[in-house]
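Asker: Build me a model from this:
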Amino acid sequence: QVQLVESGGGLVQPGGSLRLSCAASGSIFRIYGMAWYRQAPGKQRELVAFITSGGTTNYKDSAKGRFTISRDNAKNTVYLQMNSLKPEDTAVYYCNADISSSDYGIIDNYWGQGTQVTVSS
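Answerer: The predicted model follows:
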C-alpha cells in the first residue's frame, strides 16, 4: 500500500508565503507525475501545478510566477512553494501522484488527505 502525507499548511497573511510538502511512503517501485490540486469551499477541485518524473512543470495560470513545484526523487517528496499569497488561494490543498508498486507496469493514482491553506488578514 502507498500513502501520501501532506504538511505545511496554515494561516498566512496576504502577500505571505507557505511551503507545502508531500511525502510518499509504502510499497513504491517508481513515482511518475506528481501534482498539487486545491479545492475551495463550494468549488470543484482544480489542478494547481504538475511535475513529471523528469522535472518538467506546468501551472494553473493564476499560479504562474507565484508558485513553484519541485520534487526530491530520493525522498519521494514533492513540494509547493507559494509566494505572494492571495485570499483567493484559500483552499484545501491535495497532493496527487501516479505510482507503480512493481515493475509489472501497473500504475495507480493516489491522493493525500489534504492540508488547509488560509490566506487572511
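
Asker: Please list all residues in contact with the most centrally placed residue in the chain.
Answerer: Among the residues of the chain, the one closest to the centroid is W36, at 2.8 Å (CA atoms, centre = their mean). Contacts for W36 (CB atoms under 8 Å, 6 or more residues apart in numbering) come out as 20, 22, 47-50, 69, 78, 80, 93-96. Quick note: C-beta positions are derived from backbone N, CA and C, even for glycine.

Asker: roughly how far apart are it and S121?
Answerer: In this view, W36 and S121 are 24 Å apart by CB to CB, to the nearest Å.

Asker: ranges for the strands of this protein?
Answerer: 2-7, 10-12, 18-26, 30-39, 46-51, 57-59, 67-72, 77-82, 91-100, 107-111, 115-119 (DSSP state E).

Asker: to the chain's geometric centre, what's the distance from stretch 78-96?
Answerer: Relative to the chain's own centre, stretch 78-96 is displaced by 8 Å; criterion: CA atoms, centre = their mean, to the nearest Å.

Asker: What is the end-to-end distance of it?
Answerer: Length of stretch 78-96, first residue to last, CA to CA, to the nearest Å: 9 Å.

Asker: Next: stretch 75-94.
Answerer: Stretch 75-94 has its terminal residues 18 Å apart, counting by CA to CA.

Asker: Counting neighbours, which bits of that stretch end up buried?
Answerer: Within stretch 75-94, the residues that count as buried by 16 or more other CB atoms under 10 Å are 76-80, 82, 85, 89-94.

Asker: measure the residue lying farthest from the centre of the chain to F29 for me?
Answerer: What lies farthest from the middle of the chain is Y104; by CA atoms, centre = their mean that is 26.4 Å. To F29, Y104 is 9 Å away according to CB to CB.

Asker: Y59 - how many residues pack around it?
Answerer: Y59 sits with 18 neighbouring residues when counted by other CB atoms under 10 Å.
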